[in-house]
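Novice: With the input below, show me the fold.
(2 chains)
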Protein chains: 2
Amino acid sequence: MKKVLVTGAAGFIGSSQVDFLLNKGFAVVGIDNLSTGNLKNLDSARNNPNFIFVQLDLVLDSIPNEVLDGVDAVYHFSANADIRFGVQNPTRDFEQNTLCTQRLLETMRMNNVNKIVFSSTGSVYGEQQVFPTREDAPFPIQTSLYAASKVACESLIQAYSETFGMQVFIFRFVSILGPRYSHGHVIDFYRQLTTNKDFLEVLGDGNQTKSYLHVNDCLTGIETVVNNPFGRINIVNLGTNEATTVRDSIRWISERMRLNPKISYGTESQGWIGDNRKILLDTTRILKLGWSPKYTIKQAILETIDYLENQAD
Amino acid sequence: MKKVLVTGAAGFIGSSQVDFLLNKGFAVVGIDNLSTGNLKNLDSARNNPNFIFVQLDLVLDSIPNEVLDGVDAVYHFSANADIRFGVQNPTRDFEQNTLCTQRLLETMRMNNVNKIVFSSTGSVYGEQQVFPTREDAPFPIQTSLYAASKVACESLIQAYSETFGMQVFIFRFVSILGPRYSHGHVIDFYRQLTTNKDFLEVLGDGNQTKSYLHVNDCLTGIETVVNNPFGRINIVNLGTNEATTVRDSIRWISERMRLNPKISYGTESQGWIGDNRKILLDTTRILKLGWSPKYTIKQAILETIDYLENQAD
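Specialist: Down below sits the predicted model:
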């Protein structure tokens, strides 16, 4: 039985990856410092004899040798995932993303763990002019501390691959939606509307255009590339070939919640400093492997609303 | 009198930048931890009443407030500058380049210092296919821990600019030569040939093709862009429009030293893991500002040999 390690295991995508791998017959070690993760996400996994949970902080603590023993691959999802708060806390992205990843890579190197799957972001393309954006888009200029921290991780992972022969999988995600979803515009709007069903305040002018992917499609996408690597270094956009505006998203959310709120838009074309006005990734590279998303953006948003409403019951 | 701060002030380029700025009438604070820097490089500066030297380590120590008071710009040259030893010491580039730069940016932010000049490297383009390589070349894949650490710095600096409004100048250098030069292939070959004038061992097959720039041209290039910024974020290749092979360089060095050594080449197309087989930067962006290099690569190599021979006397 192959043993893998998942970091950020109690988070939205991390815990979903844990369940996915357990279902596929892997032995899984989950690591999380529980700063933003939620143990409830691991309820099912913790009933599985092939799962072990270890609470530790990848920056402050070292991973015990017995945890690493026999690990074939690390799925590294531990991260500060919110772009928006770089202004208030400019060191957090660096420490929780870049520094954390550097420590993890060193630990992997010293323990001969030679495969890493990494959750990067479409935000690394900065304010691109070319849409859909390919993996070899022009050398971008970073517009947020979050994306900068992820570029730093990507670069480190690539250099570790080149220097020490690791096989690496870097996925540039669009925003992920679905069960266990815990931050982003859908939950912000949902919370506002459950507090006051008649009024919604939107950051930015609502014309920001983004792409979203359902977590199930995200996990099958990762599996597809890991099982069909292009080579030692694999950099893959993971999203849908469609994008939607914040205004469309609000319409779908309001309809699903059977509400008709008054909406107050901002005047800025971006929601906050560092927000990308548009994200639409070219997914040709992964589509060629036979993968395709099963959910449209609208379906992913509606299912996320359903999940949030069920949670509230 | 404008006050600027130079990090890595006792190093090759840093100390040259100190002298250049003092000559232009700036008040200069030089910082160095003297781990690889040499106080001898600051002999002239330390006789200038407009210069102050502060020995401290940017990762371990904080910069005293009185040092930062009134600083208009930081010239950040402190770095681990040797690509070659990433394999033996994989954390050094991260700590001395990335972590150091993150700490410096935070210090600048907290002290309202809003301008940074940063020495990056043409190595950030990785194994490019396009030569000469433009600043907006395809999103590169990093091939050394050194270059990865510099990409991380660049990304952080860009994000700080976007988030906090800093004006930033990122220079992607080719290898710099000239007086005070202290590491790289010219000094390696010079040392070998002063130890044994009849034999030279070369890492790689000698067909690696690189570009070099004389430090004087480097300093006038920096000055040109700082005085004529393109905007808030300035990313500029700094090199010559020519490249030379290691074999040519050896011929010039041998002729200058009046030697005719037996040369042993390796079989690899790169000198070491992470070595770029070819570096040739497109310098159109800076040439358009009216700057041009005064030295050819051959002249820069010969003057470096003359400097090394004078040092030995």
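Novice: Tell me where the stretch 101-250 of chain A has helices.
Specialist: A:145-164, A:185-195, A:215-227, A:246-256 (DSSP state H, counting those that start in this stretch).
Novice: Do the longest one and chain B come into contact?
Specialist: Looking back up the chat, that one is helix A:145-164. Yes - using C-beta under 8 Å from any C-beta of the partner chain, helix A:145-164 reaches chain B at A:145, A:147-149, A:151-152, A:154-156, A:158-160, A:162-164. (Each C-beta comes from the backbone N, C-alpha and C, glycine too.)
Novice: Check stretch A:100-109 too.
Specialist: Yes - contact of stretch A:100-109 with chain B (C-beta under 8 Å from any C-beta) involves A:Gln102, A:Glu106, A:Arg109.
Novice: out of those, which are inside strands?
Specialist: With strands defined by DSSP state E, no entry of the residues of stretch A:100-109 next to chain B lies inside them.
Novice: Which among the residues you listed count as buried?
Specialist: For those, a burial check counting by 16 or more other C-beta atoms under 10 Å in any protein chain shown picks out A:Gln102, A:Glu106, A:Arg109.
Novice: if we can go back for a sec, mind putting the helices of the stretch 101-250 of chain A in TSV, mean neighbour count and mean pLDDT included?
Specialist: Shown next, in TSV, are these (neighbours: other C-beta atoms under 10 Å in any protein chain shown; pLDDT from 0 to 100):
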stretch	mean neighbour count	mean pLDDT
helix A:145-164	27	97
helix A:185-195	17	95
helix A:215-227	19	98
helix A:246-256	17	96
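Novice: Just tell me which of those ends up closest to A:Ile273.
Specialist: Of all the helices of the stretch 101-250 of chain A, helix A:145-164 sits nearest to A:Ile273, with 9.5 Å by C-beta to C-beta.
Novice: how much space is there between A:Asp25 and A:Phe77?
Specialist: Small correction: residue A:25 is Gly, not Asp. 20 Å (C-beta to C-beta, to the nearest Å).
Novice: how many other residues sit next to A:Lys288?
Specialist: Using other C-beta atoms under 10 Å in any protein chain shown, A:Lys288 has 10 neighbouring residues.
Novice: so where's the stretch 201-313 of chain A uncertain?
Specialist: Applying pLDDT under 70 to the stretch 201-313 of chain A flags no residue at all.
Novice: got the residues of the stretch 51-200 of chain A near chain B?
Specialist: So the stretch 51-200 of chain A meets chain B at A:86-87, A:90-91, A:94, A:98-99, A:102, A:106, A:109, A:125-126, A:135-145, A:147-149, A:151-152, A:154-156, A:158-160, A:162-164 (C-beta under 8 Å from any C-beta).
Novice: Quick one, which of the helices of the stretch 101-250 of chain A gets closest to B:Thr267.
Specialist: helix A:145-164 (19.1 Å).
Novice: Okay, angle between that closest one and helix B:145-164 too, please.
Specialist: With axes from the mean of the first three to the mean of the last three C-alpha atoms, to 10 degrees as the basis, helix A:145-164 and helix B:145-164 are set at 180 degrees to each other.
Novice: ok, back up a step: just send the buried ones among the residues of stretch A:100-109 next to chain B back as JSON lines, with pLDDT too.
Specialist: Shown next, in JSON lines, are these (pLDDT from 0 to 100):
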{"residue": "A:Gln102", "pLDDT": "98"}
{"residue": "A:Glu106", "pLDDT": "97"}
{"residue": "A:Arg109", "pLDDT": "97"}
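Novice: follow-up on the earlier one: need the helices of the stretch 101-250 of chain A in a markdown table with distance to B:Gln192, can you?
Specialist: Shown next, in a markdown table, are the helices of the stretch 101-250 of chain A (distance: least, C-beta to C-beta, whole Å):
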| stretch | distance to B:Gln192 |
| --- | --- |
| helix A:145-164 | 25 |
| helix A:185-195 | 61 |
| helix A:215-227 | 46 |
| helix A:246-256 | 63 |
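Novice: B:Arg191: which of the ones you listed is closest?
Specialist: helix A:145-164 (25.6 Å).
Novice: list the helices and strands that closest one packs on?
Specialist: Packing partners of helix A:145-164 (3 or more C-beta pairs under 8 Å, 6 or more residues apart in numbering or on different chains; DSSP states H and E): helix A:92-93, helix A:100-110, strand A:115-121, strand A:167-173, strand A:233-238, helix B:145-164.
Novice: Where does the closest residue to chain B within the stretch 201-313 of chain A fall, secondary structure wise?
Specialist: Nearest residue of the stretch 201-313 of chain A to chain B: A:Ile273, at 5.6 Å (C-beta to the nearest C-beta). Under the criterion DSSP states H and E, no helix or strand holds A:Ile273.
Novice: wait, what's in contact with the residue of the stretch 1-150 of chain A found nearest chain B?
Specialist: The stretch 1-150 of chain A approaches chain B most closely through A:Ala148 (3.8 Å), counting by C-beta to the nearest C-beta. Contacts for A:Ala148 (C-beta atoms under 8 Å, 6 or more residues apart in numbering or on different chains) come out as A:Asp93, A:Gln142, B:Ala152, B:Ser155, B:Leu156, B:Gln158, B:Ala159.
Novice: Isn't A:Leu200 up against A:Phe189?
Specialist: Yes - using C-beta atoms under 8 Å, A:Leu200 is in contact with A:Phe189, at 6.2 Å.
Novice: Overlap of the contact sets of these two?
Specialist: Common neighbours of A:Leu200 and A:Phe189 (C-beta under 8 Å, 6+ apart) are A:Ile250.
Novice: in stretch A:24-40, what's buried?
Specialist: A:Phe26, A:Ala27, A:Val28, A:Val29, A:Gly30, A:Ile31, A:Asp32, A:Asn33, A:Thr36, A:Gly37.
Novice: Quick check: the last one is in a strand.
Specialist: No - A:Gly37 sits outside any strand when classified using DSSP: H, G, I helix; E, B strand; the rest coil, being coil.
Novice: That one and A:Ala81, how far apart?
Specialist: Distance from A:Gly37 to A:Ala81, by C-beta to C-beta: 11 Å.
Novice: intersection of neighbour lists for these two?
Specialist: Contacts common to A:Gly37 and A:Ala81, judged by C-beta under 8 Å, 6+ apart, are A:Gly11.
Novice: So A:Val67: helix, strand or coil?
Specialist: When classified by three-state DSSP, A:Val67 comes out as helix.
Novice: A:Ala27 is in contact with that one, correct?
Specialist: No - if you go by C-beta under 8 Å, A:Val67 and A:Ala27 don't touch, sitting 11.6 Å apart.
Novice: doesn't A:Phe85 make contact with the residue of the stretch 201-313 of chain A closest to chain B?
Specialist: No - A:Ile273 is beyond contact range of A:Phe85, at 10.3 Å (criterion: C-beta under 8 Å).
Novice: The two: which has the busier surroundings?
Specialist: A:Ile273 (18 against 15).
Novice: Please give me every residue in contact with that one.
Specialist: A:Gly86, A:Val87, A:Ser144, B:Glu162, B:Thr163.
Novice: Please tell me I have it right and the fourth one contacts A:Gln142.
Specialist: Yes - with contact taken as C-beta under 8 Å, B:Glu162 and A:Gln142 are classed as touching, separated by 7.2 Å.
Novice: how about CSV for the contacts of A:Ile273, with distance to A:Val113 added?
Specialist: Shown next, in CSV, are the contacts of A:Ile273 (distance: C-beta to C-beta, whole Å):
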residue, distance to A:Val113
A:Gly86, 31
A:Val87, 36
A:Ser144, 30
B:Glu162, 35
B:Thr163, 34
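Novice: A:Trp291 and A:Gly221 touch, don't they?
Specialist: Yes - counting by C-beta under 8 Å, A:Trp291 touches A:Gly221, with 5.4 Å between them.
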